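**Q** A predicted structure for the sequence below; I have some questions about it.
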Amino acid sequence: MDFKDLKLIPCLLKALESQQYTQPTPIQQQAIPAVLQHKDLLACAQTGTGKTAAFALPLIQLLYQQKEAGEGSDNIKILILTPTRELAIQIDESFKNYGAYSGLKHLAVYGGVSQYHQVKHLRQGIDILIATPGRLLDLVMQRYISLQQIKIFVLDEADRMLDMGFITDVQKIVRKLPVKRQTLFFSATMPPEIVRLSQSMLDNPVKIEITPVSSAAETVEQAVYLVEKSDKRSLLIHLLKNNEIESALIFTQTKFGADKLCYALRKENIKVKAIHGNKSQAERQKALSEFKNKNIRVLVATDIAARGIDIESLSHVINFELPNVPETYVHRIGRTGRAGASGKAISFCGMEEKMLLRDIHKLIAQPIPVINNHPYQMADAGLSLPPKPLMYNRSRGGRRNKIFMQS
């Protein structure tokens, strides 16, 4: 199947061709026809599956056709709510690329920067608004934005909204929307709170589940190094001396830890920058741009970058510290191995992190290969892995299949 089979209009096909996209991903194959039929959508798909295009392409087509039929106006017709500034910017860039020949106007609004330029663009009239919850509510309260004419509402990364404490803001925004609307609901995982939220928002939705909930992408080769906490920095420098690591996104638990690691890497003449919550929006965007343009080889980040950052040809993700929440591991490593490309995810596991590693094993239902031949091997490495926990997963027929995790 290619995009022509999805009955997309010529201006979209031209834009896709210019981006060298020819074949839709599974979520695009299922979501695009449903959205074009004006149906509500409930999609559970892991990061890197192409879900932004899965809603952006049909939304551009629907709005373009309405304008062609003389039904257009300067009122905002489509609202896309997303949890982070980075993701809002990424989605806005996607609409710019996919809608290059549509003539539609779109805008991303988010906090951390002055609202002056955002308000200026709003006054000029836009068709599609991409927003983070806090800034959107601020602009609504100041009466710069009205949600009364919204025809289609997209809630992206719903589980991340929950993790970041935005669900109350989401509910406030939903109450300001017209009752009669089309709603598209996307989430990488479906915890009970998210299931309840989806049930309150959707009307007989088309349900799409592309991959098992909280599974790791098959295109990502995973490995774990057992190493004492005090040796992690030395091990990282040792690995970065290998030219095979063309680019690396490294995750730390804290902002202080990210800055400290950057300082150590710079002393080894490694080009590196950090992005985290203490950095201004301008600083974060500059660092990300330099990383994407390969002006720097390494980007150190806290979990503010675990989702919403799309980096082409990212060769490696390195978990300098394991996350406290196992689902975060899946989102972190999903930054590589995107759009069918391959990637590698390396994790450092110290003695005090063995329980975190066990939880990750349970979540992804597969063992992560252990790399033993390195100069900083933990003296008592065997204690850092769980002793082959017995697990179950459900097959399509509903039977429980045993999985023995290897230590």
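**A** Yep, that arrived. Residues are numbered from 1 along each chain as shown.

**Q** and the nearest residue to A287 once chain neighbours are set aside, what does it touch?
**A** Leaving aside its sequence neighbours, A287 sits nearest to K273 (C-beta to C-beta, 6 or more residues apart in numbering; 4.0 Å). In this view, the C-beta of every residue, glycine as well, is placed from N, C-alpha and C. Listed by C-beta atoms under 8 Å, 6 or more residues apart in numbering, the contact set of K273 reads 262, 287, 290-291, 296, 298-300.

**Q** relative to the host helix or strand of K273, what are the paired strands and their orientations?
**A** Taking DSSP states H and E as the definition, K273 sits inside strand 272-275. Under the criterion DSSP bridges, strand 272-275 sits next to strand 298-301 (parallel) in its sheet.

**Q** name the nearest residue to D259, ignoring sequence neighbours.
**A** With C-beta to C-beta, 6+ apart as the criterion, D259 has its nearest non-adjacent residue at 5.7 Å, and that residue is A274.

**Q** in contact with that neighbour, which residues are there?
**A** If you count contacts by C-beta under 8 Å, 6+ apart, then A274 has 258-259, 261-262, 287, 299-301 around it.

**Q** E283 should be in a helix, yeah?
**A** Yes. Checked against DSSP: H, G, I helix; E, B strand; the rest coil, E283 lies within a helix.

**Q** E353: which of the contacts of A274 is nearest?
**A** L261 (16.3 Å; C-beta to C-beta).

**Q** and the closest one, which of the three is it?
**A** Per three-state DSSP, L261 ends up helix.

**Q** helix/strand/coil for I150?
**A** Assignment for I150 (three-state DSSP): coil.

**Q** can you get me a residue count around it?
**A** Each residue near I150 was counted by other C-beta atoms under 10 Å, and the total is 19.

**Q** and it, what's its pLDDT?
**A** Here, the pLDDT recorded for I150 equals 96.

**Q** phi, psi of it?
**A** When read as degrees, to the nearest 10, the backbone of I150 gives phi -70, psi 130.

**Q** so it versus I128, what's the distance?
**A** I150 sits 11 Å away from I128, taking C-beta to C-beta, to the nearest Å as the criterion.

**Q** now the helix ranked longest in the chain: buried residues?
**A** Counting by DSSP state H, the longest helix found in the chain is helix 51-68. Neighbour-count burial for helix 51-68, with 16 or more other C-beta atoms under 10 Å as criterion, is recorded at 51-64, 67.

**Q** how much space between the residue nearest to A287 and Y263?
**A** Distance from K273 to Y263, counting by C-beta to C-beta: 11 Å.

**Q** ok, now H38?
**A** Counting by C-beta to C-beta, the gap from H38 to Y263 is 54 Å.

**Q** show me the strands in the stretch 251-400 of the chain, by range?
**A** Shown for the stretch 251-400 of the chain, the strands assigned by DSSP state E, counting those that start in this stretch span residues 272-275, 298-301, 316-319, 343-349, 370-371, 390-394, 400-404.
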